[in-house]
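Peer 1: Show me the folded form of this:
(2 chains)
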Number of protein chains: 2
Amino acid sequence: MSAQQPSIPQGTRDFGPAVVARRTYIFGVIRRVFEKFGYAPLETPTLENLSVLTGKYGEEGDQLLFKVLNSGNFLKKQKGEVVKEQVTADDLVAGPRAVLPKIAEKGLRYDLTVPFARYVVMNRHTLTFPFKRYQIQPVWRADRPQRGRYREFYQCDADVVGTNSLLCEAEIVLMMSEVLTTLGLTEHTIKINHRGVLGAFYKALGGEGTEVDLFTAIDKLDKIGQEGVEKELAGRGFSPEATERLFDLLGVGGDFEEKLERLLAAFATAGVEPDNPDGYKGLQDLQQVLAYLRGFGFEQWQNLEFDVTLARGLSYYTGCIFEIKINNVNMGSVSGGGRYDNLTGAFGLPGVSGVGFSFGVDRLYDCLEELQLFPEAVATTTRCLIANFDADSEAAVLPVLRQLREAGVASELYPEPGKLGRQFKYADGKGIPYVLLQGSEERAAGQFKLKTLATGQEQLLTLTEVIRLLA
Amino acid sequence: MSAQQPSIPQGTRDFGPAVVARRTYIFGVIRRVFEKFGYAPLETPTLENLSVLTGKYGEEGDQLLFKVLNSGNFLKKQKGEVVKEQVTADDLVAGPRAVLPKIAEKGLRYDLTVPFARYVVMNRHTLTFPFKRYQIQPVWRADRPQRGRYREFYQCDADVVGTNSLLCEAEIVLMMSEVLTTLGLTEHTIKINHRGVLGAFYKALGGEGTEVDLFTAIDKLDKIGQEGVEKELAGRGFSPEATERLFDLLGVGGDFEEKLERLLAAFATAGVEPDNPDGYKGLQDLQQVLAYLRGFGFEQWQNLEFDVTLARGLSYYTGCIFEIKINNVNMGSVSGGGRYDNLTGAFGLPGVSGVGFSFGVDRLYDCLEELQLFPEAVATTTRCLIANFDADSEAAVLPVLRQLREAGVASELYPEPGKLGRQFKYADGKGIPYVLLQGSEERAAGQFKLKTLATGQEQLLTLTEVIRLLA
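Peer 2: Modelled structure (predicted):
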């Protein structure tokens, strides 16, 4: 074989039938919950203008954007010249920053949030606000591929923009809870916090160090422990007294409601003024979310945790923030989100508040697989294979095949007469649960033999009985 | 507003909620038919190595490939140097052919067929053959955008490889017929022909001119008419006698079966030998397809046409070929396909025969829209909006909202108390068919007012009655 051995790019994946079926199952559960809560589907192009993408994800994000070469011959050769028109000799000397915009104007979607903001701005005169949309599409990041990190992966986002109502936050908790429960992931923790609470912490420390340093340190608590955080804060200009006050606040215990009350008291003690827009507003928002959840009759309180150390996405979120951990699987968060005040500001439409969250499908998939939670029926498409004995039997079963399909039973006739062993192997390999056989004897009797592959059980049945059993 | 006005790249589209819902409906119909016939889903990466894509679509295709810049700094500037390591000064002088492979190793999927072939070759030791897969994914082509031609668009392919059985061809006709009928596109013509029949035409002309010239000319019959084709053939070395013989053959009339018989006779008269593998094999194949369709009880014969002028995809197909026209819409073919002998040869696996076809979703969408065939229920997600009068009413309807959703009714509560006019406008804008109201009077009576927006009808109902009506 002199031909090339084909391969796929690093960090990308083929999804064969069984995996697609399982992923489709997860997408279906998420989609149905989103839609039940009034979120409508949006799809944006894979290709976005780099002017839309660049500068939205920080400097690291810009580097991780996949850039697409302009079509047309940007490197047109002409009599020894290297490049013509678009790229000048000066550009070449100036380097990538000058060359890149001339050879690549488009990039691949990096997340679903920036395209959503762009869509809202472009369609702001025709959209109905509040605008609730969900979006389930792949995104691309030129990250170094590693176990569990891919260069192409799906995100499942739901966002609502154009309202400050905390009903949306409460419904996010409900949606998270319903998706996980439906998937069978009952051992989960939905963590909730509020950016304002973190801001009040900073105030309570008396303005030492910087806010970002404080949040960054808190964010690491899980990884480096209290001692590590103390050391880090000391190195960043926080006094031991401030750090002690911080850990008093972080250590506030109790359930959701108790923590809210104790933090209110603690902020008062620590001298955060009652009209402080950060801390008190944060706690009031959380109280309102709590009230909505009670109004809904929410019952999974053991799965909802007010986690004052939750910090995620600091540059971005301004209100409630969320994150989900699956407790009985060793894996990062499977979902996260929060409220933002100014998503569309970068595109010239300031003051549009919104809140949203996102599921990571690859991680959910791994959790379901590890916990063996995929329903068995999900894995297969064809339900019944009709065996093909010879030309006569083939002709005789064509109407049978038709009737099975008309009854909604996904069915196939093995496409060639041949050895039954091979046909059973085909059914096995494809995960087809039933094989229907009609040899000359059965045909004479107007009957069929239905074999259940999992058990080896064989039944002699009429076609009506077969259809009743399989449909 | 000093911020940028965002835009999307030429030839790409945003799909808002109503359009996504309609597209999802089309995909769903196609998917269900594919699965009922035993085709299983496959998904391949958006990014493919250019070594896989290049040379598979002809020279024009190579130019239309979207190429993705390698990540990392291929144009690293170093002390006045322009590019480092990967791209050398010699490359720059040599031009694009030398530079491109070093700055772009990946491209965007151009169709679903080449990735399918690559997948089959890479997984040939674990796949169960015959392998029947369907694939519904977007593809990208750097074509000049124009009305109805996009740079990003979906294809819906179904292929089976690893069998020569003509059962597959017959089932393609059945699948095409079922998809179109389910969508309500009853006025369609499924055209079928065989590459061998076209080959026999050439033989019957006595080997004048070249085969490709002949096929190209026949392919234009629709556009330039008989006279135009005659002129073109004369210019390409065909004698007037040969051209006359051709039009005798092309003019063979009758239904499927009659045409088959008359062509058999005509080939004999024209001196095509009975053991000619082209013409006779082609006609025999078509006879077998006909027999299978009869066996299935196929009834839509008026929609199936043996079109001896159908030529499509000459470099590619080797057996039966298909194409679908919607007769009551002025539009090109909405589907096409055929049998190929050597799809995987380019990747080192020769001799794998297969047959497949593809639906063009954008064209189907336009047909359904023009003929107003989209079911009304498809356009909307939320079924019921609960009006929000004030804090008290809001609190009172939270359990109602929960019960509606538990009954599977996609529902929303307007997220803020406010003017009813605005709330009705929201329902209207979003296409929500029902608004549920519970003012203080209704609340006292334990009732609800359900308003049907399309008719303006209002009903006083209990919650149980509301749920029964909406679920």
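Peer 1: Show me which residues of the stretch 101-250 of chain A sit near chain B.
Peer 2: A:103-106, A:108, A:118-119, A:121-123, A:127-130, A:132-133, A:138, A:140, A:142, A:151-152, A:160, A:163-165, A:167-168 (CB under 8 Å from any CB of the partner chain). From N, CA and C alone the C-beta is placed, and that goes for glycine too.
Peer 1: Can I get the buried ones among these as something I can paste into ChimeraX?
Peer 2: In ChimeraX, this line selects whichever of those come out buried by 16 or more other CB atoms under 10 Å in any protein chain shown:
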select /A:103,104,105,106,108,118,119,121,122,127,128,130,132,133,138,140,142,151,152,160,163,164,165,167,168
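Peer 1: what's the nearest residue to A:K425 if we skip its chain neighbours?
Peer 2: Leaving aside its chain neighbours, A:K425 sits nearest to B:T128 (7.5 Å; criterion: CB to CB, 6 or more residues apart in numbering or on different chains).
Peer 1: quick one: A:R13 from A:I326, how far?
Peer 2: Distance, A:R13 to A:I326, by CB to CB, to the nearest Å: 22 Å.
Peer 1: out of these two, which sits in the more crowded spot?
Peer 2: Under the criterion of other CB atoms under 10 Å in any protein chain shown, the comparison of A:R13 against A:I326 puts A:I326 first, with 25 against 16.
Peer 1: for the helix or strand containing A:Q155, packing partners?
Peer 2: A:Q155 belongs to strand A:152-161 when assigned by DSSP states H and E. Judged by 3 or more CB pairs under 8 Å, 6 or more residues apart in numbering or on different chains; DSSP states H and E, the packing partners of strand A:152-161 are helix A:17-36, helix A:113-122, strand A:131-140, helix A:167-183, strand A:354-360, helix A:361-370.
Peer 1: What are the buried residues along the longest one?
Peer 2: Within helix A:17-36, the residues scored as buried using 16+ other CB under 10 Å are A:17-27, A:29-31, A:33-36.
Peer 1: Among these, which ones lie close to chain B?
Peer 2: A:17, A:20-21, A:24, A:35-36.
Peer 1: Reformat these into TSV and put pLDDT next to each item.
Peer 2: Converted to TSV, these look like this (pLDDT from 0 to 100):
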residue	pLDDT
A:P17	94
A:V20	96
A:A21	94
A:T24	95
A:E35	96
A:K36	96
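Peer 1: quick check, nearest of these to B:I190?
Peer 2: The closest of those to B:I190 turns out to be A:P17 (CB to CB; 27.0 Å).
Peer 1: gap between that closest one and B:Y119?
Peer 2: Going from A:P17 to B:Y119 by CB to CB gives 11 Å.
Peer 1: Could you pull out the residues contacting both of the two?
Peer 2: B:L42 (CB atoms under 8 Å, 6 or more residues apart in numbering or on different chains).
Peer 1: ok, back up a step: neighbouring strands of the strand holding A:Q155 in the sheet, and parallel or not?
Peer 2: Partners of strand A:152-161 in the sheet, by DSSP bridges, are strand A:131-140 (antiparallel), strand A:354-360 (antiparallel).
Peer 1: In a markdown table: those, plus mean pLDDT and distance to B:A391.
Peer 2: Putting the strands paired with strand A:152-161 into a markdown table (pLDDT from 0 to 100; distance: least, CB to CB, whole Å) gives the following:
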| stretch | mean pLDDT | distance to B:A391 |
| --- | --- | --- |
| strand A:131-140 | 97 | 22 |
| strand A:354-360 | 96 | 20 |
